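Visitor: Dropping a prediction and its sequence here:
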Amino acid sequence: MLPIIRDLLLSDIGPAVRLLEECRGLPDTKPVDVAQFVNDVSSGAPGVVALEGDRIVGIVQARAVGDDAWINVVMIDPNWRRQGLGSAMLHRLEDKLLHLGVRKISALLSSAQAGETALLNRGFAPTHGLVLYEKLEPLAPISMRIVDQYGGELLSEKLWDSVSGMREEKQIIAGRVVAPLADPETASRVGVKAPATVLLFGPPGTGKTTFAKAIAGRLGWPFIELLPSKLESGDGSMSSELRTAMNDLLQLDHAVVFIDEFDEIASARERNPSTKGVVNELLKMIPAFRSAPGHLLVCATNFVADIDSAVLRPGRFDLVIPIGPPDLSARLAHWQSTLAPLDQRGIDIEKIAKMTEGYTPGDVDLAAQRAAAAAFDRIREGKEPLHITSEDLETAVARTRPSVTAEIRDRFAEEVGRFARV
Ligand SMILES: Nc1ncnc2c1ncn2[C@@H]1O[C@H](COP(=O)(O)OP(=O)(O)O)[C@@H](O)[C@H]1O
Ligand SMILES: [Mg+2]
């Protein structure tokens, strides 16, 4: 079983010291000043431990003063070295330090000591001949406070790869959105303007939110979602809340700001007069976004045709990108991951994927659950076969309506022609 990683508690001091003592004198192991460790932890210094059962098999501990932090202890039980434990503990510790307002983390280790790989894996760069490892955190403390205040998060770079299929959409977003923002110098040398505002549209469940997050992950910028419901909750009107939020977020060095269900706040003024102020505020904010490089506003909607045409005009949204229903390879990937834990004897996943055009990942889950329930009932009645079958799946698929019906697909195709701008 993999060790559990959690914060270092005062009650861990005893067992932690035991591990430090056990490892004393081992090769590749930096000696730890145990008295100092006990002192630091007793006075609340941040740390993280790894537990195998109730035994501590890893410790990382730091001391933080203002912007700076020093990692004092990186200790891993010899049986658990070279398995990613150090990186996992450091990841959690860095997160704690970031929230304490730390910007620079240093660690003193000599080369080839336990913990070195973990530091390198976490992006620490050795300085002074592989002795002092340093890492500058991506966000200043003031930025982290703003990100926290709006419930923002730093997302993993791996998110992008977890978006399966959708080759065309990925290509557009990687080439037209991520690349110019990640490398503005090259982009501007050839006259490519990095986008400041992007609208994603398409039927529900097709991955718009997922793409918005994946963009932030790829850029390494914090992702902040502004919820229309939250913007309304303050004392002021929605438009003044929106202005305050945008101004706060523009103070960040970098940010991907996401507004979902964008039609709710930017629906045509005639149709929904109550949104007029918000639409106006938003239109005023867009130039501010444009003049603050390092910021990307991503909005998403299932109903692009409902959006005020003034908002959609070029010069407001740089790119209007359609996100279509999952293609065959996306559906194949969804079916594969859904069925992965099961006995798949005699199941032709490709055939099922072909049968499920218009299925969103949610539909795949629903159909798979229905098939599973049928198999479960059969097995409980004592009948064979004792696993999920092709027939279970096909029957379930026949009963499950695709979210993206022919009608929605046709409407989407028409909207692509009318609104897409990439
Ligand atoms: N291409 C994809 N690859 C993997 N998962 C996807 C993909 N598209 C959608 N999903 C999953 O489907 C669900 C709905 O996607 P979401 O991004 O919320 O859709 P939307 O915002 O367009 O309604 C999420 O759980 C998401 O992880
Ligand atoms: Mg969404």
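Guide: Yes, it's here. Numbers count the residues shown, from 1 in each chain. Ligands and ions are numbered 1, 2, ... in the order given.
Visitor: Next, count neighbours for the closest residue to ligand 2 within the chain.
Guide: For the chain and ligand 2, the shortest gap (Cβ to the ion) falls at residue 209, measuring 3.3 Å. C-betas here are computed from N, CA, C, even on glycine. Per other Cβ atoms under 10 Å, the neighbour tally for residue 209 reads 17.
Visitor: Which helix or which strand is home to it?
Guide: Assigned by DSSP states H and E, residue 209 belongs to helix 208-219.
Visitor: re earlier: could you measure from the residue of the chain closest to ligand 2 over to residue 219?
Guide: Residue 209 is 16 Å from residue 219, where distance means Cβ to Cβ, to the nearest Å.
Visitor: still on that earlier bit, packing partners for whichever helix or strand comes after the helix holding residue 209?
Guide: The helix or strand immediately downstream of helix 208-219 is strand 223-225, counting by DSSP H and E. Applying 3 or more Cβ pairs under 8 Å, 6 or more residues apart in numbering; DSSP states H and E, one finds that strand 223-225 makes contact with helix 208-219, strand 255-259.
Visitor: tell me the pLDDT at whichever residue of the stretch 151-300 of the chain sits closest to ligand 1?
Guide: Residue nearest to ligand 1 within the stretch 151-300 of the chain: residue 207 (3.0 Å; Cβ to the nearest ligand atom). Note on residue 207: pLDDT of 93.
Visitor: what sits against it?
Guide: Residues near residue 207 by Cβ atoms under 8 Å, 6 or more residues apart in numbering: 163, 166, 169, 323, 326.
Visitor: if we go to 7 Å?
Guide: 163, 166, 323 (Cβ atoms under 7 Å, 6 or more residues apart in numbering).
Visitor: And for residue 412?
Guide: 202, 203, 324.
Visitor: isn't the last one right next to residue 202, touching?
Guide: Yes - proximity of residue 324 to residue 202 meets the contact threshold set by Cβ atoms under 7 Å, at 5.9 Å.
Visitor: More neighbours: which of these two?
Guide: Between residue 324 and residue 202, residue 202 has the larger neighbour count (other Cβ under 10 Å), namely 24 against 18.
Visitor: From residue 390, how far out is the more buried one?
Guide: For residue 202, the distance to residue 390 equals 31 Å [Cβ to Cβ].
Visitor: before we move on, the earlier item: among the contacts of residue 412, which are located in helices?
Guide: Counting by DSSP state H, none of the members of the contacts of residue 412 fall within helices.
Visitor: which ones among those residues come in contact with ligand 2?
Guide: With Cβ under 5 Å from the ion as the criterion, the contacts of residue 412 include none near ligand 2.
Visitor: Pop the domain breakdown of the protein in here.
Guide: 4-137, 145-324, 328-399 (automatic domain parsing).
Visitor: Mind putting those into CSV with distance to residue 415?
Guide: Formatted as CSV, those follow (distance: least, Cβ to Cβ, whole Å):
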stretch, distance to residue 415
domain 4-137, 41
domain 145-324, 5
domain 328-399, 16
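Visitor: ok, and what's touching stretch 393-405?
Guide: Stretch 393-405 is contacted from outside by 203-205, 325, 347, 352, 355-360, 362-363, 366-367, 370-371, 374, using Cβ under 7 Å, 6+ apart.
Visitor: That stretch: end-to-end distance?
Guide: One end of stretch 393-405 to the other measures 20 Å (Cα to Cα, to the nearest Å).
Visitor: Torsion angles phi and psi at the nearest residue to residue 319 once chain neighbours are set aside?
Guide: Spatial nearest neighbour of residue 319, chain neighbours left out: residue 198 (4.8 Å); criterion: Cβ to Cβ, 6 or more residues apart in numbering. When read as degrees, to the nearest 10, the backbone of residue 198 gives phi -140, psi 140.
Visitor: give the contact list for residue 198.
Guide: Counted by Cβ under 7 Å, 6+ apart, residue 198 has contacts 177, 296, 298, 317, 318, 319, 321.
Visitor: residues in contact with the residue nearest to the second one when sequence neighbours are not counted?
Guide: On the basis of Cβ to Cβ, 6+ apart, the spatially nearest residue to residue 296 that is not a chain neighbour turns out to be residue 256, at 5.0 Å. Counting by Cβ under 7 Å, 6+ apart, residue 256 makes contact with 212, 215, 216, 219, 221, 223, 296, 298.
Visitor: residues contacting the fourth one?
Guide: Same thing as residue 219. 178, 181, 182, 256.
Visitor: ok, residue 350 to residue 335 distance?
Guide: Counting by Cβ to Cβ, the gap from residue 350 to residue 335 is 9 Å.
Visitor: more neighbours, those two?
Guide: For residue 350 and residue 335, the more surrounded residue by other Cβ under 10 Å is residue 335, and the numbers stand at 24 against 13.
Visitor: ok so, going back, confidence-wise, which of the domains of the chain is weakest overall?
Guide: Looking at the domains of the chain, the weakest mean confidence is domain 4-137, a mean of 84.
Visitor: about what we covered before: got a markdown table for the contacts of residue 207, with neighbour count too?
Guide: Output for the contacts of residue 207, formatted as a markdown table (neighbours: other Cβ atoms under 10 Å):
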| residue | neighbour count |
| --- | --- |
| 163 | 17 |
| 166 | 22 |
| 323 | 23 |
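Visitor: For those, please prepare TSV with the additional fields distance to ligand 1.
Guide: Below are the contacts of residue 207 laid out as TSV (distance: Cβ to the nearest ligand atom, whole Å):
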residue	distance to ligand 1
163	5
166	5
323	6
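Visitor: And for residue 83, the neighbour number?
Guide: By other Cβ under 10 Å, the residues close to residue 83 number 13.
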